[in-house]
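> predicted model and sequence below, questions to follow.
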There are 2 protein chains.
Amino acid sequence: MYLHDKRRGEQTVEFTNPPKIIATTSVVGPKEGEGPLMDYFDIILEDDINGKDSFEKAESSMMYTAITETIKKAKLKEEDIHYLFAGDLLNQLTSSSFVARDLNIPFYGLFGACSTMTESLSLASLLMDGGFGDYIVASTSSHFSSAERQFRFPLEYGSQRKETAQWTVTGSGAMLLAKEGNFPKVTHVTTGIVKDYGILNADNMGTAMAPAAVDTIYRHFKDLNRRPDDYDLIVTGDLGKVGRELTQKLLLEYGYDVSKCYIDCGEIIFDNEKQKTNSGGSGCGCSAVVSCGYLYKRMMAGELHRILLVSTGALMSTTSSLQGESIPGIAHGVVIEFNKEGDK
Amino acid sequence: MYLHDKRRGEQTVEFTNPPKIIATTSVVGPKEGEGPLMDYFDIILEDDINGKDSFEKAESSMMYTAITETIKKAKLKEEDIHYLFAGDLLNQLTSSSFVARDLNIPFYGLFGACSTMTESLSLASLLMDGGFGDYIVASTSSHFSSAERQFRFPLEYGSQRKETAQWTVTGSGAMLLAKEGNFPKVTHVTTGIVKDYGILNADNMGTAMAPAAVDTIYRHFKDLNRRPDDYDLIVTGDLGKVGRELTQKLLLEYGYDVSKCYIDCGEIIFDNEKQKTNSGGSGCGCSAVVSCGYLYKRMMAGELHRILLVSTGALMSTTSSLQGESIPGIAHGVVIEFNKEGDK
């Protein structure tokens, strides 16, 4: 329909000057550091309060570390960064805002629930390609204990967890975008539309978010006339086992068999049986640390050449749930490509 | 320092293809509709629950009306809109998310507290100038009763209001950006940096936000080598009387006398003495309805040719305040220009 010069279909943009992800950092809590992806994380905290006097401050400190370490890795300074896009799960984004307070970087705060990693990466990439900055940082965080306190019950309450429930990841990831260099590059962004299939159960967010993931992946394939086997990996954010299985099934109904190349960050970050994380990990930090750690490092090692990363968010609040509202979901897709030998 | 093609100084971008604001809508509650700007608002609600069963749902319905009316005014359809940028004050942005659920438009959720109108307008403008869309909508909302319930006390508690306190505006505004047409256009964006001068008192947010407003306005003047008299009006978001006076005084200390062309949306939306709104209005909806109503209509009437709109946000949460944190502020500046006769 609206085929713009940079648009490729209804929801997808193709970059003329794909921004390069020149550095990333992943910071995780001790539980994540004992999981199957332990070797891919940059920093594993010894305890999840990280020497602070609240879990909220600990979360903020993780994001501060992720961002400043990333800038340092690229041998840059705070003043070199033109924009910071960041968000988190806490009310009024206090993790991100308090990080931004300590950084002298123009700041846009985002909320997309657990979709925030690809929301921030999408907007950072759009601004890079638009020519508005030389270096832009995208970041998100989440923390098991601050999320439990805010969304569910105080930990001391000892509430039992349902089988479909997920475990909020304690972690923060940051990515630094630049114009030049032989690094993984962002080639396309597919911006999500909110989908709500009437799921009311806040213990089953994977199911609530699956329709949004399906919609964005389907739209992405259509817009670019691509198929699942155009990707080494398609990676959803934090649907967990339950949501991943549902997404796979729904995509098959739409004619796309993703079974050979599809994983979910929430499902793979923990050993769900051994670590008792039920359906898997969740939280903005989940797709952040998996993409900044596991996926980025595998791309840099030449093991993955083209991935579609689709972080997924459940856009409800405790108030909306109490008022009987169902859970709207959203998912933003970003294509990252890398050829170790450089572009031909 | 990093003088990029589209950058004009450290924090300001100058557009090559300034997006045009082809339509706006302002929806306000009954109290705002009795204030001094009553003639400039498009829709004044008869009561602030707007036929819904909660204040939160009423707030969301106002934003839905603001956005859909704006699209209708431009004789467009939902499907014509490439992106929606929206945010609000409610935890997890439920007003915006639930609006996005009912619209088939790719959605980016933003949180900048009361700075969200210029945050959404900035990002919408950046994406327009970058060539990523033909039509983009920017919107925000706030609601007195949903904000009181979330941030302060249930209304039934009858808590007394301090003199420096502000009154959250019940209202929502939406702006629709396009490439063509003789309409007010966005020429520059100055993205804010978070500033925190250690204010702890949540009843004095104007003072907490003033340093951010001062910083953004100062940076804007420096970046573009402009002076206050280059503008017909400089308009801050919702500092109220107390914050406006402080901003004016601080800018004078930096060598900029804005006294002849400076107003604050929060100070002018109510008759603060008669309407007992103390220091003035606040909330994302404040600068939204004042800019979409009063300012846009005065520009269209040829009474204002160039304005600098600087919405201001206080980035604290009830949790951060309880944990003894001070209140970080942020302010994003947007220049809007219009010559009724067209550009020479």
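That came through fine. Only a predicted model underlies this, so the values are computations on that prediction, with no experimental measurement involved.

> the stretch 201-344 of chain A: helices as residue ranges?
A:205-224, A:240-253, A:265-268, A:284-289, A:296-300, A:318-322 (DSSP state H, counting those that start in this stretch).

> could the C-alpha coordinates of the fifth one be exported in CSV?
If I follow you right, that is helix A:296-300. This file holds the C-alpha atoms of helix A:296-300, laid out as CSV (Å, rounded to 0.1, in the frame of the first residue of the first chain):
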residue,chain,number,x,y,z
TYR,A,296,25.6,-11.1,19.5
LYS,A,297,28.6,-13.3,20.5
ARG,A,298,27.4,-16.1,18.2
MET,A,299,27.1,-13.6,15.4
MET,A,300,30.6,-12.2,16.1
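
> list the buried residues of that helix.
A:Tyr296, A:Lys297, A:Arg298, A:Met299 (16 or more other C-beta atoms under 10 Å in any protein chain shown). In this view, the C-beta of every residue, glycine as well, is placed from N, C-alpha and C.

> quick check, nearest of those residues to chain B?
A:Tyr296 (23.2 Å; C-beta to the nearest C-beta).

> skip the chain neighbours and tell me the closest residue to that closest one.
A:Thr24 (4.7 Å; C-beta to C-beta, 6 or more residues apart in numbering or on different chains).

> which strands and helices sit next to the helix or strand hosting the one you found?
Per DSSP states H and E, A:Thr24 falls inside strand A:20-28. Under the contact criterion of 3 or more C-beta pairs under 8 Å, 6 or more residues apart in numbering or on different chains; DSSP states H and E, strand A:20-28 touches strand A:43-44, helix A:55-73, strand A:171-178, strand A:185-190, helix A:284-289.

> next one, pLDDT for whichever residue of chain A sits closest to chain B please.
Using C-beta to the nearest C-beta, A:Gly130 is the residue of chain A that sits closest to chain B, at 2.7 Å. If you check A:Gly130, the pLDDT there is 95.

> what's the neighbour count on it?
For A:Gly130, the neighbour count with other C-beta atoms under 10 Å in any protein chain shown is 22.

> residues of the stretch 151-300 of chain A that sit close to chain B?
Counting by C-beta under 8 Å from any C-beta of the partner chain, the stretch 151-300 of chain A comes close to chain B at A:Thr191, A:Gly192, A:Ile193, A:Val194, A:Lys195, A:Asp196.

> okay, who's weakest in the residues you listed by pLDDT?
Lowest pLDDT among those: A:Asp196, 91.

> okay, now the unreliable bits of chain A?
In the predicted model of chain A, residues A:1-6, A:153-160, A:343-344 satisfy pLDDT under 70.

> break it into its domains for me.
A:7-178, A:185-337 (the TED database).

> which stretch among the ones you listed comes nearest B:Ser95?
Nearest of those to B:Ser95, taken as C-beta to C-beta: domain A:185-337 at 9.8 Å.

> for that closest one, how far is the first residue from the last?
5 Å (C-alpha to C-alpha, to the nearest Å).

> for the helices and strands packed on strand A:20-28, which one ends up most surrounded?
helix A:284-289 (a mean of 38; mean count of other C-beta atoms under 10 Å in any protein chain shown).

> in stretch A:322-329, what counts as buried?
A:Glu325, A:Ser326, A:Ile327, A:Pro328, A:Gly329.

> which ones among those also lie next to chain B?
Among those, chain B is touched by A:Glu325, A:Pro328 when using C-beta under 8 Å from any C-beta.

> closest to A:Asn201 among the buried residues of stretch A:322-329?
Using C-beta to C-beta, the buried residues of stretch A:322-329 come closest to A:Asn201 at A:Ile327, 8.0 Å.

> of all the domains of chain A, which one comes closest to B:Cys114?
domain A:7-178 (11.2 Å).

> and the closest one, how far out from the chain's middle?
From the chain centre to the centre of domain A:7-178 is a distance of 8 Å (C-alpha atoms, centre = their mean, to the nearest Å).

> straight-line length of that domain, end to end?
By C-alpha to C-alpha, one end of domain A:7-178 lies 22 Å from the other end.

> and what of stretch A:312-330?
6 Å.

> for the spatially closest residue to A:Leu45 that is not a sequence neighbour, give me its contacts.
Leaving out its chain neighbours, the residue that sits closest to A:Leu45 by C-beta to C-beta, 6+ apart is A:Gly29, at 5.3 Å. Listed by C-beta atoms under 8 Å, 6 or more residues apart in numbering or on different chains, the contact set of A:Gly29 reads A:Ile44, A:Leu45, A:Asp48, A:His143, A:Phe144, A:Val169, A:Thr170, A:Gly171.

> do the same with A:Val28
If you count contacts by C-beta under 8 Å, 6+ apart, then A:Val28 has A:Phe41, A:Ile43, A:Ile44, A:Leu45, A:Val169, A:Thr170, A:Gly171, A:Gly285, A:Val289, A:Gly293 around it.

> tell me the bridge partners for it.
A:Ile44, A:Gly171 (DSSP bridges).

> against B:Asp129, how distant is it?
38 Å (C-beta to C-beta, to the nearest Å).

> work out for me the element A:Ala100 sits within.
Element membership for A:Ala100 (DSSP H and E) is helix A:94-101.

> so after that helix, what's the next helix or strand?
With DSSP H and E, the next secondary element past helix A:94-101 is strand A:107-109.

> tell me what that following strand is packed against?
Looks like strand A:107-109 contacts strand A:83-88, helix A:94-101, helix B:116-129 (3+ C-beta pairs under 8 Å, 6+ apart).

> mind listing what that strand pairs with, with the direction of each?
Here strand A:107-109 has these sheet partners by DSSP bridges: strand A:83-88 (parallel).

> if we can go back for a sec, among the buried residues of stretch A:322-329, which are located in strands?
Those of the buried residues of stretch A:322-329 mapping onto strands are A:Gly329, per DSSP state E.

> just give me the closest of the buried residues of stretch A:322-329 to B:Glu79.
A:Pro328 (19.3 Å).

> looking at it, that closest one is touching A:Leu315, isn't it?
Yes. With contact defined as C-beta atoms under 8 Å, A:Pro328 counts as touching A:Leu315 (4.6 Å).

> between those two, which contacts overlap?
Common contact partners of A:Pro328 and A:Leu315 (C-beta under 8 Å, 6+ apart): A:Val194, B:Ser97, B:Phe98, B:Ala100, B:Arg101.

> most surrounded residue in the residues you listed?
Counting by other C-beta under 10 Å, top hit in the shared contacts of A:Pro328 and A:Leu315: B:Ser97 with 32 neighbours.

> give me phi/psi at the closest residue in space to that residue that isn't next to it in sequence?
Leaving aside its sequence neighbours, B:Ser97 sits nearest to A:Leu315 (C-beta to C-beta, 6+ apart; 3.8 Å). Backbone torsions of A:Leu315, given as degrees, to the nearest 10, read phi -90, psi 40.

> verify the contact between A:Leu315 and B:Leu93 for me.
Yes. Between A:Leu315 and B:Leu93 there is a contact under C-beta under 8 Å: 7.2 Å.

> same list (the shared contacts of A:Pro328 and A:Leu315) but as CSV, adding distance to A:Ser320.
Compiled in CSV, these are given as follows (distance: C-beta to C-beta, whole Å):
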residue, distance to A:Ser320
A:Val194, 13
B:Ser97, 8
B:Phe98, 7
B:Ala100, 13
B:Arg101, 11
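
> give the contact list for the closest residue to A:Glu337 other than its chain neighbours.
Nearest non-adjacent residue to A:Glu337, counting by C-beta to C-beta, 6+ apart: A:Arg306, 4.7 Å away. When contacts are counted by C-beta under 8 Å, 6+ apart, A:Arg306 touches A:Asp230, A:Tyr231, A:Asp232, A:Val335, A:Ile336, A:Glu337, A:Phe338.

> 10 Å - rerun?
Contacts for A:Arg306 (C-beta atoms under 10 Å, 6 or more residues apart in numbering or on different chains) come out as A:184, A:187, A:226, A:230-233, A:299, A:335-339.

> who wins for most neighbours among those residues?
Among the contacts of A:Arg306, the one with the most neighbours (other C-beta under 10 Å) is A:Ile336, at 27 neighbours.
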